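Participant: Here's a sequence, model it:
(one chain, ligands or ions: 2)
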Amino acid sequence: MRRTPPVSVSEPEEYDLDEHEADPVVVVKDEADLGAALTETNVMEVLDELDRDLIALKPVKTRIREIAALLLIDKLRVEVGLASERPSLHMSFTGNPGTGKTTVAMKMAEVLHRLGYIAEARVVAVTRDDLVGQYVGHTAPKTKEVLRRAIGGVLFIDEAYYLYKAENERDYGGEAIEILLQVMEAERDNLVVIFAGYKDRMDDFFRSNPGLSSRVAHHIDFPDYDVDELMAIANLMMEHQNYKFAPGAEETFREYLDRRVTRPRFAHGRSVRNSIDRARLRQANRLFADGTGTLTREDLMTITPDDILKSSVFAEDREPEDDAAAPAKGHF
Ligand SMILES: Nc1ncnc2c1ncn2[C@@H]1O[C@H](COP(=O)(O)OP(=O)(O)O)[C@@H](O)[C@H]1O
Ligand SMILES: [Mg+2]
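Facilitator: Numbering: from 1, shown residues only. Ligands and ions are numbered 1, 2, ... in the order given. Down below sits the predicted model:
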């Protein structure tokens, strides 16, 4: 028995903030089939993907498995008539930039969808500017429009604490928070909100907004990666993109990371991705500048130590490399 039929992604269901669907008729059974539920929902596939596609993050992976188990068992309890309220699913993902919060939110949406808790495996990612207006009367329509888009999926609010400005009484952030609170409660069966950002600022934000805090059931903290883990992330990204390190280049990349982690604006996985992008750019320029001959498959795949050494991180007298993936000057 499937209580919530899956809705295809190509035909998004229209939601009205004021309208509610009738409760489905529940046929009570004597026993629940866990194996069948696992096969039917195919939730293990996403959990295995999470393990495989993401390096480290052990505590995060464990928490997501625990939440999935809770939700699956809850479905089975409903099937045998152990009526239960839908568990609260709003969450907070805290951690430094680039530690995988957005990536994991997408996997979480997939888990929630497969278990029938949201209509689509969809994440609407927003920041303060998407919710809060500059003038009187602008905030409510902006916030409601975002919520309208997000209902049926996950609303991911990045750097959520910027919604609240304690020092400014005339700020419209409070208005957005009020509406969010109402909709998080009224649409708890159709919408999951994930608040994301730095741990310390999020703690302050929840302390200042007990109403919000009490509605967030799961707090998941994303740890920093060490250099070994960043190297593993780099190797995974290289493999996915069909690149490889030439002899010695892996060591050079590790040296690069040793320096990069201490620089301003270091952003874990995002910095790894950006530095690989820049190495690819230098590789392309190197092959391009070399001129005319044929390029082997090997040539086209290989990142040399030099492609990495040309990074400004290795030149102490130059500005630290920015994480904005702007192409380096003087190319093409
Ligand atoms: N554990 C990990 N394994 C592999 N790639 C990762 C991992 N954590 C982050 N990344 C990659 O780093 C980049 C930034 O991750 P993201 O989820 O946007 O971080 P955040 O939302 O915390 O800033 C993405 O390209 C993501 O795929
Ligand atoms: Mg993010």
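Participant: tally of neighbours for residue 70?
Facilitator: 14 (other Cβ atoms under 10 Å). Quick note: C-beta positions are derived from backbone N, CA and C, even for glycine.
Participant: Correction: the previous question concerned residue 264.
Facilitator: 8.
Participant: Wasn't it part of a strand?
Facilitator: No. Counting by DSSP: H, G, I helix; E, B strand; the rest coil, residue 264 falls outside a strand, being coil.
Participant: State the pLDDT value of it.
Facilitator: For residue 264, the pLDDT comes out at 88.
Participant: Residue 219 now?
Facilitator: According to the prediction, residue 219 has pLDDT 96.
Participant: In this structure it contacts residue 94, no?
Facilitator: Yes. Assessed by Cβ atoms under 8 Å, residue 219 is found in contact with residue 94 at 7.0 Å.
Participant: residues touching the closest residue to ligand 1 within the stretch 151-300 of the chain, list them.
Facilitator: As assessed by Cβ to the nearest ligand atom, ligand 1 sits closest to residue 269 within the stretch 151-300 of the chain, at 2.2 Å. Contact analysis of residue 269 by Cβ atoms under 8 Å, 6 or more residues apart in numbering lists 98, 99, 100, 103, 225, 230, 233.
Participant: try it again with 6 Å
Facilitator: Applying Cβ atoms under 6 Å, 6 or more residues apart in numbering to residue 269 gives the contacts 98, 233.
Participant: Also residue 187?
Facilitator: Residues counted as contacts of residue 187 (Cβ under 6 Å, 6+ apart) are residue 151.
Participant: got a list of contacts for whichever strand or helix holds residue 40?
Facilitator: Residue 40 is part of helix 34-41, with elements assigned from DSSP states H and E. By Cβ under 6 Å, 6+ apart, the residues outside helix 34-41 that reach it are 114, 115.
Participant: ok, 10 Å please
Facilitator: With Cβ atoms under 10 Å, 6 or more residues apart in numbering as the test, helix 34-41 has contacts from 1-2, 6, 33, 43-45, 68, 71-73, 75-76, 79, 111, 113-116.
Participant: sorry, back to before: so residue 219 and residue 94 - more neighbours on which side?
Facilitator: residue 94 (21 against 16).
Participant: Nearest the geometric middle of this structure, what residue?
Facilitator: Nearest to the geometric centre of the chain sits residue 102, at 1.3 Å (Cα atoms, centre = their mean).
Participant: host element of that residue?
Facilitator: helix 101-114.
Participant: Any residue of that helix touching ligand 1?
Facilitator: Yes. Contact of helix 101-114 with ligand 1 is found when judged by Cβ under 6 Å from any ligand atom, involving 101, 102, 103.
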